[in-house]
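1. Okay, structure incoming, though there's no sequence with it:
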Ligand SMILES: Nc1nc2c(CCNCC3CCCC3)c3[nH]c(NCCc4ccccc4)nc3cc2c(=O)[nH]1
């Protein structure tokens with residue numbers, strides 16, 4: 001019996017609240033996972049990440065295999081020790097990053113060969129090598145090695161890509177070293193085609209995983225098509241296993257996806273935006289480089305417990321970004337991650353109290369209202 005399990009707590013429509021039990025601790029779901037690309041959540045210490053309320057963070061196979069190398073991280077005690085993050089870590093399998101970052105790459109039915117965007121060195125990822133790297137990193141949750149097709153694409157190209165990913169899922173599962181409290185997730189593909197998505201879910205559940213991700217979305221299809229695809233795919237997925245929507249998204253994306261039965265999310269939006277002066281708040285987003293903030297003594301967001309909002313003014317944050325001070329990205333990343341965690345906590349409480357519908361209306365009204 002694997003100690004890894006998702007324990008349901010409450011439902012509200014298709015939305016679920018629960019707890020993810022892992023070898024590295026318990027995480028409340030629905031949960032947003034901050035992205036730690038090269039073994040760090042950029043501009044944050046691990047204590048500050050913890051203080052935002054995050055329970056689980058992402059590591060990145062692609063970056064870590066290139067630098068410092070998976071063997072080195074393993075020799076140094078694994079990613080938990082290396083980052084000093086005691087909680088669960090989920091690592092993506094690297095295929096998506098190769099397609100979006102790798103300089104030159106060659107995809108074949110066995111894997112992908114690519115040149116490092118760092119130093120041009122040649123590397124190869126296969127389902128076996130990706131799974132081995134994630135094991136060396138000591139990832140709590142390992143992702144299958146998959147291929148995420150660029151959209152728009154012809155249906156037969158999407159079908160061929162999905163079937164390749166399903167063969168790779170079987171090879172990833174074969175290569176996975178099962179450990180108590182650890183998990184491997186299959187990744188559902190199939191573009192926005194309901195029949196292909198259904199075929200992919202069947203293929204993955206026939207193999208059997210501890211959790212299931214939905215990949216191949218948030219690649220330019222737009223929110224309506226993403227939600228439509230969730231509507232046709234999530235109900236086919238095992239109800240007793242965690243569901244992870246990869247690369248998503250804005251607060252509005254998170255809300256709509258939780259309401260369609262998703263439990264786990266990751267996105268670079270809050271961290272990347274924090275570095276470019278874009279703040280996420282309950283009244284929408286704000287660009288703190290804008291001159292209108294230069295003399296504004298108010299906190300960024302009233303009621304937010306983060307250091308940017310409790311100790312500083314909009315004018316100060318504006319100054320930091322205008323002066324290109326390192327503290328700017330630090331404080332705003334801290335704020336954005338805090339805001340994302342507060343959104344998830346509010347949604348979770350609403351599910352427990354069976355009032356997610358009303359809560360959704362309140363959230364959307366706030367985002368539409370703009371800066372008070
Ligand atoms: N294995 C796999 N990964 C996918 C990812 C990466 C998820 N984050 C990984 C982290 C690990 C380290 C880095 C990221 C995706 N990210 C997105 N959209 C991101 C859209 C976006 C882009 C830029 C800004 C905001 C959103 N779609 C994704 C689909 C897949 C997929 O099918 N398979």
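-> Everything's here; your move. In this text, all values refer to a predicted model and were calculated from it rather than measured experimentally.
2. So residue 348, which state does it fall into?
-> helix (DSSP: H, G, I helix; E, B strand; the rest coil).
3. Tell me the bridge partners for the nearest residue to it once chain neighbours are set aside.
-> Leaving aside its chain neighbours, residue 348 sits nearest to residue 17 (5.1 Å; criterion: Cβ to Cβ, 6 or more residues apart in numbering). From N, CA and C alone the C-beta is placed, and that goes for glycine too. Counting by DSSP bridges, residue 17 forms beta bridges with residue 10.
4. What number of residues are in the vicinity of residue 17?
-> 22 (other Cβ atoms under 10 Å).
5. my guess is it meets residue 7, correct?
-> No - taking contacts as Cβ atoms under 8 Å, residue 17 lies outside contact range of residue 7: 10.2 Å.
6. Would you enumerate the residues in contact with the residue nearest to residue 348?
-> 8-11, 28-30, 348, 351-352 (Cβ atoms under 8 Å, 6 or more residues apart in numbering).
7. Repeat that for residue 158.
-> Residue 158 neighbours (Cβ under 8 Å, 6+ apart): 149, 189-191, 193, 196.
8. same thing but at 6 Å, please
-> 149, 191, 193, 196 (Cβ atoms under 6 Å, 6 or more residues apart in numbering).
9. Show residues contacting the helix or strand of the chain with the lowest mean pLDDT.
-> Least confident element among the helices and strands of the chain, by mean pLDDT, DSSP states H and E: helix 95-101 (a mean of 88). Here helix 95-101 makes contact (Cβ under 6 Å, 6+ apart) with 62, 105, 112, 114, 117, 145-148.
10. near the ligand at all, that helix?
-> Yes - applying Cβ under 6 Å from any ligand atom, one finds helix 95-101 touching the ligand at 95-96.
11. and the next helix or strand after that helix, which strands flank it?
-> The helix or strand immediately downstream of helix 95-101 is strand 105-108, counting by DSSP states H and E. The strands beside strand 105-108 in its sheet (DSSP bridges) come out as strand 111-115 (antiparallel).
12. about what we covered before: farthest pair within the contacts of helix 95-101?
-> Comparing all pairs in these by Cβ to Cβ, the longest separation belongs to 117 and 146, at 20.2 Å.
13. rewinding a little: ok, the residue nearest to residue 348 to residue 347 distance?
-> 9 Å (Cβ to Cβ, to the nearest Å).
14. What ranges does the stretch 201-350 of the chain have for its helices?
-> Taking DSSP state H, counting those that start in this stretch to define them, one finds helices in the stretch 201-350 of the chain at 223-233, 251-258, 269-275, 307-311, 314-322, 327-352.
15. out of those helices, nearest to the ligand?
-> helix 269-275 (4.7 Å; Cβ to the nearest ligand atom).
16. Counting neighbours, show which residues of that closest one come out buried.
-> 269-271, 273-275 (16 or more other Cβ atoms under 10 Å).
17. Residue 196 and residue 162 touch, don't they?
-> Yes - under the criterion of Cβ atoms under 6 Å, residue 196 makes contact with residue 162 at 5.4 Å.
18. Nearest spatial neighbour of residue 238, chain-adjacent residues omitted?
-> In space, residue 238 is closest to residue 205, 6.2 Å off (Cβ to Cβ, 6+ apart).
19. okay, now that neighbour: neighbour count?
-> 16.
20. and residue 282, what does it touch?
-> residue 366.
21. Buried members of the contacts of residue 17 into ChimeraX, please.
-> With 16+ other Cβ under 10 Å as the criterion, this ChimeraX line picks the buried residues out of these:
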select :11,29,30,348,351
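22. Between the contacts of residue 17, which sits nearest the ligand?
-> Nearest to the ligand among these, with distances taken as Cβ to the nearest ligand atom, is residue 30, at 16.5 Å.
23. Around the ligand, pick out the residues from the stretch 51-200 of the chain.
-> Checking the stretch 51-200 of the chain against the ligand by Cβ under 6 Å from any ligand atom, the hits are 58, 60, 92-93, 95-96, 143, 146, 148, 187.
24. So which of the residues you listed sit within helices?
-> Members of these lying in helices (criterion: DSSP state H): 95-96.
25. Which of the residues of the stretch 51-200 of the chain next to the ligand fall in strands?
-> Among these, the members found in strands (DSSP state E) are 58, 60, 92, 143, 187.
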